[in-house]
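Colleague: using only what follows, build the 3D model:
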Amino acid sequence: MKNKWFYPLLILSTVFSVVAHFLLANESVKFIASCLSLLLWAALLGKSTESVAHYAGERLGGLLNATFGNAAELIIAIFLIKAGLFDMVKASITGSVIGNLLLVLGLSLLVGGMKFKMQHFNPILAGHNASLMMLSVIALFIPAVFISDLTPSDINTLSLIMAGLLIIGYLLWLYFSLFTHKKELSEEYFLASQTDQSAAVPIKQEEDKEEPSWSRNISLLLLIVSTAFVAVQSEWLVHSVESVAKALGWSEIFVGAFLIAIIGNAAEHSAAIFLAVKNRIGAAVEIAIGSSLQIALFVAPALVFISLLFGSQMNLVFTPHEIAAIAVSALIASSISRDGSTNWYEGVLLLIVYVILGAAFFVL
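Modeller: Numbers count the residues shown, from 1 in each chain. Okay, the predicted model is just below:
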């Protein structure tokens, strides 16, 4: 981080959060303190993963960025499961998916498009991402359709089967994209295949030469430290979120789908937008869409198995409102990204849909 104010603010927010958690009784103050500290640590997490991604390469770097960017959501979800707040877990999963597809991707396309008239990325990868988004919608839709004809035990069994299949499907996708078809899905292969070398290409190549802020070892150290602090702040956030939601009159689904999701997505917000501004839109799209796919196809199914460790299984039955929100988000994100080119107006369209869904969940 080159901003001189960032580290002092990070230290002050962390101290404030520690004092609020151990010495104050007001849950609202605890919640605000945890949110501020979590946002800053998530920003450092995003920057450190971006630096690690530089050393790991574009595709693997995007995966690492999405994975560690999702660390906040996963940690928050585990503590919510421990507290028995399954509905809020599902809402936060919904919020993470639509937040990445609409808010993170929308802001990236908008900010990047304001600097570069057209930005291009690998359309082959975009097509596969669109198919995987449809798979995530199908996986959430099927249990909701059959729930009326199944017993609670059958629902839990079906959830375990589907969770296992989704995890296998996601792991095979990683093998497909990082090994057997790594070349075809890479940004370099896409650029080399273009016969019309637009002005964006040399700009991109020039930006790619920019050195990261830290060395590889420092980047890894900051990655580990920021992940640990994100975990601590996430646990404190969960302890106060329920009472704050009741005090404000907000529903659990709105708090989980938007408030917690926005806070948890801070790492993706910063990293994807920074990359889009540098005309590395392929990496930005990989973070935004790849993060949503990881949440839907790996994190959510993994939470089903993790819930067994706490003695009460979470199922994969989402509400019709949550399924509709994910389906709408996947549909427009797939439509916009499938051709492998973007502009600022497409970012505006994604953000409009996000605000529409936010308004609907708020009044629900």
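
Colleague: which stretches of the stretch 251-364 of the chain form helices?
Modeller: Taking DSSP state H, counting those that start in this stretch as the criterion, the stretch 251-364 of the chain contains helices spanning 252-254, 261-264, 266-277, 281-294, 300-308, 320-337, 344-363.

Colleague: give the rounded mean pLDDT of the last one.
Modeller: So the one you mean is helix 344-363. Average pLDDT, helix 344-363: 92.

Colleague: ok so, going back, and the helices of the stretch 251-364 of the chain, which one is worst for confidence?
Modeller: Among these, helix 261-264 carries the lowest mean pLDDT (a mean of 69).

Colleague: still on that earlier bit, tabulate the helices of the stretch 251-364 of the chain (TSV), appending mean neighbour count and distance to L40.
Modeller: Glycine gets a C-beta too; all of them are placed from N, C-alpha and C. Listed next are the helices of the stretch 251-364 of the chain as TSV, based on neighbours: other Cβ atoms under 10 Å; distance: least, Cβ to Cβ, whole Å:
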stretch	mean neighbour count	distance to L40
helix 252-254	21	24
helix 261-264	24	11
helix 266-277	26	8
helix 281-294	29	19
helix 300-308	20	26
helix 320-337	20	27
helix 344-363	17	23
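
Colleague: with distance to K246 as extra columns, can I get those helices in a markdown table?
Modeller: Below are the helices of the stretch 251-364 of the chain laid out as a markdown table (distance: least, Cβ to Cβ, whole Å):
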| stretch | distance to K246 |
| --- | --- |
| helix 252-254 | 9 |
| helix 261-264 | 18 |
| helix 266-277 | 25 |
| helix 281-294 | 29 |
| helix 300-308 | 24 |
| helix 320-337 | 20 |
| helix 344-363 | 16 |
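
Colleague: of those, which is nearest L24?
Modeller: helix 261-264 (19.8 Å; Cβ to Cβ).

Colleague: hmm, back to that, among the helices of the stretch 251-364 of the chain, which comes closest to Q233?
Modeller: helix 261-264 (9.3 Å).

Colleague: after the strand or helix carrying N129, next one along is what?
Modeller: In the assignment (DSSP states H and E), N129 maps to helix 123-146. For helix 123-146, the succeeding helix or strand toward the C-terminus, using DSSP H and E, is helix 152-175.

Colleague: counting by contacts, list what that next one packs against.
Modeller: helix 123-146, helix 281-294, helix 300-308 (3 or more Cβ pairs under 8 Å, 6 or more residues apart in numbering; DSSP states H and E).

Colleague: any buried residues in the first one, and which?
Modeller: Applying a neighbour-count criterion of 16 or more other Cβ atoms under 10 Å, the buried positions in helix 123-146 are 124-126, 128-130, 132-133, 135-137, 139-141, 143.

Colleague: wait, which of those is closest to L74?
Modeller: Once Cβ to Cβ is applied, the member of the buried residues of helix 123-146 that ends up nearest L74 is S136, at 16.4 Å.

Colleague: and the closest one, what's its pLDDT?
Modeller: 88.

Colleague: surely it touches V299?
Modeller: No. Using Cβ atoms under 8 Å, S136 makes no contact with V299, being 11.1 Å away.

Colleague: what touches both of those two?
Modeller: By Cβ atoms under 8 Å, 6 or more residues apart in numbering, S136 and V299 have no common neighbours.

Colleague: if we can go back for a sec, what is the helix holding N129 packed up against?
Modeller: helix 152-175, helix 182-185, helix 187-193, helix 281-294, helix 320-337.

Colleague: okay, those helices in CSV with distance to L12 next?
Modeller: Listed next are the helices and strands packed on helix 123-146 as CSV, based on distance: least, Cβ to Cβ, whole Å:
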stretch, distance to L12
helix 152-175, 39
helix 182-185, 43
helix 187-193, 39
helix 281-294, 29
helix 320-337, 36
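
Colleague: out of these, flag the one nearest I263.
Modeller: Once the helices and strands packed on helix 123-146 are compared by Cβ to Cβ, helix 281-294 is nearest, at 14.6 Å.

Colleague: now do the closest one: which elements does it pack against?
Modeller: helix 58-69, helix 86-98, helix 105-115, helix 123-146, helix 152-175, helix 187-193, helix 266-277, helix 320-337.

Colleague: can we see that at 6 Å?
Modeller: Applying 3 or more Cβ pairs under 6 Å, 6 or more residues apart in numbering; DSSP states H and E, one finds that helix 281-294 contacts helix 58-69, helix 105-115, helix 266-277.

Colleague: dump it to CSV, restricted to CA.
Modeller: Output of helix 281-294 as CSV, limited to C-alpha atoms (Å, rounded to 0.1, in the frame of the first residue of the first chain):
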residue,chain,number,x,y,z
ILE,A,281,-9.5,-6.8,-17.4
GLY,A,282,-9.0,-10.5,-17.9
ALA,A,283,-7.6,-10.8,-14.4
ALA,A,284,-10.3,-8.6,-13.0
VAL,A,285,-13.1,-10.7,-14.6
GLU,A,286,-11.3,-13.9,-13.4
ILE,A,287,-11.4,-12.5,-9.8
ALA,A,288,-15.1,-11.4,-9.9
ILE,A,289,-16.6,-14.3,-11.8
GLY,A,290,-14.1,-16.9,-10.5
SER,A,291,-14.9,-15.8,-7.0
SER,A,292,-18.7,-16.2,-7.5
LEU,A,293,-18.1,-19.7,-9.0
GLN,A,294,-15.9,-20.7,-6.1
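
Colleague: got the phi/psi numbers for S213?
Modeller: Main-chain torsions, S213, degrees, to the nearest 10: phi -70, psi -30.
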